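# let's see this in three dimensions:
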Amino acid sequence: MSMEWNESFVLGIEEIDQQHKMLVERFRMLSDAVRDAREQEMLTDMAKFLVEYAQFHFATEERYMKEFAYPDMAEQLSEHEQFSRDAIDLQHKISGGGNSHLLAVELTGKMFRWVIQHVRDHDRKMAQYIKEKMAEAS
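Next up, the predicted model:
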């Protein structure tokens, strides 16, 4: 399973799109590593990246939601909290010496699906609202 950046991920808010593009690229790199049986060398870095990414990326989205009074912010925050918990849990499993291949499969499965669903559904809805509010303000 591989993830490639494509137009279906584009939300039209450049800052958020660039951050999503960075995430998709990291997943592509991990998928390539799993395919080539090199997941061990990348797994720890990917888990660390996901925890750090969640902090700065979700802060970016939350800033936009607050600025434009996004009405579904509570639902979006709940999604962000779940992703952050999953990323930390995965980081603990990896640092605990779990089977690297199984953990890589879990990461490229569960988290991969979450990213696709979240960006294409929840973030798209948020971005549409924010772009409408931006247009009204100008």
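# which residue is nearest the middle of the chain?
Nearest to the mean C-alpha position of the chain, by Cα atoms, centre = their mean, lies residue 115 at 4.8 Å.
# contacts only, for residue 119.
Contacts for residue 119 (Cβ atoms under 8 Å, 6 or more residues apart in numbering) come out as 9, 11, 20. All C-beta spots, glycine's among them, are computed from the backbone N, C-alpha and C.
# try it again with 6 Å
When contacts are counted by Cβ atoms under 6 Å, 6 or more residues apart in numbering, residue 119 is found next to 9, 20.
# so for it, what's the pLDDT?
With respect to pLDDT, residue 119 scores 91.
# and the helices in the protein?
With DSSP state H, the ranges of helices along the chain come out as 14-35, 39-67, 73-95, 100-106, 112-117, 124-137.
# what residues of the worst-scoring helix or strand of the chain on mean pLDDT count as buried?
When each helix and strand of the chain is scored by mean pLDDT, DSSP states H and E, helix 100-106 comes last, with a mean of 76. Using 16 or more other Cβ atoms under 10 Å as the test for burial, helix 100-106 gives 100, 103-104, 106.
# pull the most distant pair out of those residues.
Farthest pair in the buried residues of helix 100-106 (Cβ to Cβ) is 100 and 106. Separation: 10.6 Å.
# mind checking how far residue 19 is from residue 55?
Note on residue 19: its distance to residue 55, by Cβ to Cβ, to the nearest Å, is 12 Å.
# could you do residue 78 as well?
Residue 78 sits 17 Å away from residue 55, going by Cβ to Cβ.
# ok so, going back, how far out from the middle of the chain is the least confident helix or strand of the chain?
Put simply, helix 100-106 sits 18 Å off its chain's centre (Cα atoms, centre = their mean, to the nearest Å).
# could I get that helix in CSV with only the CA atoms?
Output of helix 100-106 as CSV, limited to C-alpha atoms (Å, rounded to 0.1, in the frame of the first residue of the first chain):
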residue,chain,number,x,y,z
SER,A,100,9.3,-3.8,13.4
HIS,A,101,7.5,-5.4,10.4
LEU,A,102,4.2,-5.8,12.2
LEU,A,103,4.5,-2.2,13.6
ALA,A,104,5.3,-0.8,10.2
VAL,A,105,2.3,-2.7,8.7
GLU,A,106,0.1,-1.3,11.5
